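Colleague: predicted coordinates and the sequence they were generated for:
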Amino acid sequence: MKFFLDTADVAEIEALAASGLVDGVTTNPSLVHKAGRNFLEVVKEICAIVPGPVSAEVVATDYEGMLREAAVVRAIAPNVCVKLPLTLDGLRACRTLTADGAMVNVTLCFSAPQALLAAKAGATFVSPFVGRHDDAGFDGMALIEDIRLIYDNYEFATEILVASVRHPVHVLAAAKIGADVATMPPAVLRQLAGHPLTEKGLAAFLADWAKTGQTIG
Ligand code: E4P
């Protein structure tokens with residue numbers, strides 16, 4: 001399972017990429033706004049830190065506009081993945097761009113039929129938003145199960161990129177279902193590594209070690 005960071009915060013990406021656990025990055029217009037940075041500059045910096053796919057989202061809503069903006073973001077670096085909304089124009093642009101060799105992440109997916117269309121359009125990734133799905137009173141992980149089943153039925157190559165992840169339980173559930181990728185805020189990746197018993201056990205080991213008066217090396 002691949003882990004992507006869902007942020008446009010370059011310092012956070014640099015810090016966590018050093019762990020070797022970061023396989024890619026996803027950004028969106030809201031995350032760019034939060035970072036307070038120039039979009040093209042920040043994507044360029046992220047692409048230099050993380051060799052894996054870096055999703056950069058277009059904001060045009062028509063097919064021609066999406067292709068124009070996609071050409072701009074694709075020129076930034078070879079690991080840019082063009083992020084397109086799950087609309088008919090977005091799906092059409094997805095087909096055109098993937099036929100031209102681009103990586104495409106079809107985003108804002110909230111139903112299994114939408115995910116089926118993304119796969120038929122040749123998407124590299126589809127991004128179902130589990131957290132927002134839960135917030136609206138639906139079961140985000142049931143959506144991931146449905147998409148997994150459908151993609152396996154037809155051997156679609158599109159990867160399921162679980163998005164709008166809010167906590168480690170989302171990541172665990174996505175892994176049990178067999179989702180290909182989870183994109184998560186930096187705080188969630190840190191939470192995955194932590195456990196109170198790990199901290200307690202480490203503190204006890206270190207305290208006992210200090211009593212031995214020894215050093216290693
Ligand atoms: C990912 O590609 C999405 O942009 C992101 O996961 C959305 O998350 P949110 O629902 O927490 O804004």
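Modeller: Great, that's in hand. Numbers count the residues shown, from 1 in each chain.

Colleague: now do the buried residues in stretch 107-119.
Modeller: Judged by neighbour count (16 or more other C-beta atoms under 10 Å), stretch 107-119 contains these buried residues: Thr107, Leu108, Cys109, Phe110, Ala112, Gln114, Ala115, Leu116, Leu117, Ala118, Ala119. Placement of C-beta: from N, CA and C, glycine included.

Colleague: residue numbers of the chain in contact with the ligand?
Modeller: With C-beta under 6 Å from any ligand atom as the criterion, the chain meets the ligand at residues Asp6, Thr26, Asn28, Thr107, Ser127, Phe129, Gly131, Arg132, Ala163, Ser164, Thr183.

Colleague: now do the same for the fourth one: helix, strand or coil?
Modeller: Pointing back at Thr107 there. strand (DSSP: H, G, I helix; E, B strand; the rest coil).

Colleague: dump the residue contacts of it.
Modeller: Asn28, Ser55, Glu57, Lys83, Leu84, Pro85, Leu86, Ser127, Ala163 (C-beta atoms under 8 Å, 6 or more residues apart in numbering).

Colleague: also the second one?
Modeller: Under the criterion of C-beta under 8 Å, 6+ apart, the contact list for Thr26 reads Phe4, Leu5, Asp6, Val54, Ser55, Lys83, Asn105, Ser127, Leu161, Ala163, Thr183.

Colleague: redo those residues as a markdown table? Include distance to Leu97.
Modeller: Below are the contacts of Thr26 laid out as a markdown table (distance: C-beta to C-beta, whole Å):
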| residue | distance to Leu97 |
| --- | --- |
| Phe4 | 19 |
| Leu5 | 23 |
| Asp6 | 22 |
| Val54 | 15 |
| Ser55 | 13 |
| Lys83 | 11 |
| Asn105 | 11 |
| Ser127 | 16 |
| Leu161 | 16 |
| Ala163 | 19 |
| Thr183 | 20 |
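
Colleague: can you say which of those residues are buried?
Modeller: For the contacts of Thr26, buried by 16+ other C-beta under 10 Å: Phe4, Leu5, Asp6, Val54, Ser55, Lys83, Asn105, Ser127, Leu161, Ala163, Thr183.

Colleague: in helices, which of those fall?
Modeller: Using DSSP state H, no member of these sits in helices.

Colleague: can I get those in a markdown table with pLDDT and distance to Arg148?
Modeller: Below are these laid out as a markdown table (pLDDT from 0 to 100; distance: C-beta to C-beta, whole Å):
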| residue | pLDDT | distance to Arg148 |
| --- | --- | --- |
| Phe4 | 98 | 18 |
| Leu5 | 98 | 23 |
| Asp6 | 98 | 20 |
| Val54 | 98 | 25 |
| Ser55 | 98 | 21 |
| Lys83 | 98 | 21 |
| Asn105 | 98 | 17 |
| Ser127 | 98 | 14 |
| Leu161 | 98 | 12 |
| Ala163 | 98 | 15 |
| Thr183 | 98 | 17 |
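
Colleague: beta partners for the residue nearest the centre of the chain?
Modeller: Nearest to the geometric centre of the chain sits Thr183, at 3.0 Å (C-alpha atoms, centre = their mean). Beta-bridge pairing of Thr183 under DSSP bridges involves Phe4.

Colleague: from the buried ones among the contacts of Thr26, which is closest to the ligand?
Modeller: Ala163 (3.5 Å; C-beta to the nearest ligand atom).
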